[in-house]
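[1] Whatever this is, show me its structure:
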Amino acid sequence: LSVAIGVSIATNTIDNDVLAYIADADVTSTIGAITIAATENATIDAISVAASLAVGLGAIGGALAGAGAVADNIILGKTNAYALDSQLDAKTDVSITADNTSHIDAKIIAAAASLGAGVIGGAAVGVGVAIARNFVGWDTSISHDSNEKVPALRAGDTVFVSSGASLGKVFKYIGALTLNDVDLSTQDYTNDVLWVQVARPPVQEVRAYTQNTSIDAEGDLSLTATSNQTITATVIAGSVAVAAGIGIGLAGAGAGVFAENRIATAVQAVIDGDGGLLTGVQADEITLGASDKSTITADAAAVSVAA
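    Now for the predicted structure:
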C-alpha cells in the first residue's frame, strides 16, 4: 500500500489605516490650492498549491493520494481624507480625495494522482480539495449576508443586511429552533422573538469629508471618495485514480472546490457642519462624489477521473 498526502495552507492579512487630514488648525494658502489626499493600494498575490502522487505495485497493489490547498486572504482598514474642526482658506481650489484600489489575486490548486497495480488486483483512490476565502473589508465573524439562501439557520448565527430598510445593520438569530432551507431576504428582522440587532463590526472605509470646518475657496471645492477594489480568484482541484490487475481493479477519484469572495466597503463624501463661522462653506463650485467600482472575478473547477 502506497500513501501520499500533500497539504498547502496560506493565510494573508493586510490591515492598514491610511489617513490624510487637517485637524484643529487654521490653514491659509495665499497663492494656490489646499489638497488633502489619502490613497491605498494594498495588494495580496497568493498562490497555494498542493500535489500528491502515490504508486502501489505488488501482487495486490494499493495506492492512496490526497491533496488539499487552502488560502485565506483578508484586506481591512480605512482610507480617509478629511478636515476636522478647522478653517481652510484657499486662493484657488480646496480638494479632499480618498482613493482605494486594493487587490487580491489568489490561485489555489490541488492535484492528486494514484496508481494501484498488481498481478492479482489493484486499488487506487485519489482526492483533491481546494478552498479559497477572499475578503476585502468583510468581517469574517458575520455568518451570512441577507441575500443568501442557507440550508440551516442556527441560534447565534449573524446576518448582515445588505438591502432594504435595515441596510448596513447586523442581526443575530436567537430562535430556539434550527430553521432549514431559509431565504434570508424574506426574514422579518424586526421580530424581536427571533432576531436581535448587534453592534456591527467595523468595515473598510473610504471617506472624504469635512466636519465642523469652515471653507473659503476662491476656486472650487471638491470631496471625492472612490473604491475600485478587486478580487480575482482561480480555484482548481483535480484527481486521477488508476487501478490495474488481472483480477480485480478498483479505482475511486474525488475532487471538490470552495470559493467565498466578499467585498464590503463604506464609501462616503460628506460635508458635516461649517465650523460656526460667518464664512461657512464658500466656493465657486462645490462637488461631492462617492463611487464604488469594486469587482469580483472568480473561476472554480473540479475534475476527477477514475479508471
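
[2] Flag the shaky bits of the stretch 151-300 of the chain, pLDDT-wise.
    200-203, 277-278 (pLDDT under 70).

[3] So which residues of it form strands?
    Taking DSSP state E, counting those that start in this stretch as the test, the strands found in the stretch 151-300 of the chain are 158-160, 170-173, 179-183, 195-198, 204-211, 214-217, 221-227, 230-245, 248-263, 265-272, 281-282, 286-292, 295-306.

[4] again with the stretch 1-150 of the chain
    Counting by DSSP E, counting those that start in this stretch, the strands of the stretch 1-150 of the chain are 2-15, 18-23, 26-29, 34-40, 43-76, 78-84, 87-90, 94-100, 103-136, 144-145, 149-153.

[5] how about those, which one is nearest Ile236?
    strand 103-136 (4.9 Å; Cβ to Cβ). Yep, even glycine has a C-beta here, placed from its N, CA and C like the rest.

[6] ok, what's across the strand from Glu205?
    Lys78, Ala266 (DSSP bridges).

[7] From Ala301, how far off is it?
    35 Å (Cβ to Cβ, to the nearest Å).

[8] same check, this time on Asp181
    27 Å.

[9] who has more neighbours, those two?
    Ala301 (12 against 9; other Cβ atoms under 10 Å).

[10] Please look at the more buried one and Val257 and confirm they touch.
    Yes. Using Cβ atoms under 8 Å, Ala301 is in contact with Val257, at 6.8 Å.

[11] Run through the residues that contact the residue nearest to Ile5 when sequence neighbours are not counted.
    Leaving out its chain neighbours, the residue that sits closest to Ile5 by Cβ to Cβ, 6 or more residues apart in numbering is Gly66, at 5.0 Å. Under the criterion of Cβ atoms under 8 Å, 6 or more residues apart in numbering, the contact list for Gly66 reads 4-6, 52, 112, 126-128.

[12] Buried subset of the residues you listed, written for PyMOL?
    In PyMOL syntax, the buried subset of the contacts of Gly66 is picked out as below (16 or more other Cβ atoms under 10 Å):
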select buried, resi 4+6+52+112+126+127+128
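
[13] if I look at the most centrally placed residue in the chain, how far off is Lys293?
    Of all residues in the chain, the one closest to the mean position by Cα atoms, centre = their mean is Phe135, 1.6 Å from it. Remark: distance between Phe135 and Lys293 (Cβ to Cβ) = 18 Å.

[14] Check Ile231 too.
    Taking Cβ to Cβ, one finds Ile231 at 13 Å from Lys293.

[15] Comparing those two, which shows the higher neighbour count?
    Counted by other Cβ under 10 Å, Ile231 and Lys293 do not tie: Ile231 has more neighbours, with 25 against 11.

[16] That one is in contact with Thr265, isn't it?
    No. Counting by Cβ under 8 Å, Ile231 does not reach Thr265; the two are 12.0 Å apart.

[17] Overlap in contacts, these two.
    Common contacts of Ile231 and Thr265 (Cβ under 8 Å, 6+ apart): Val136.
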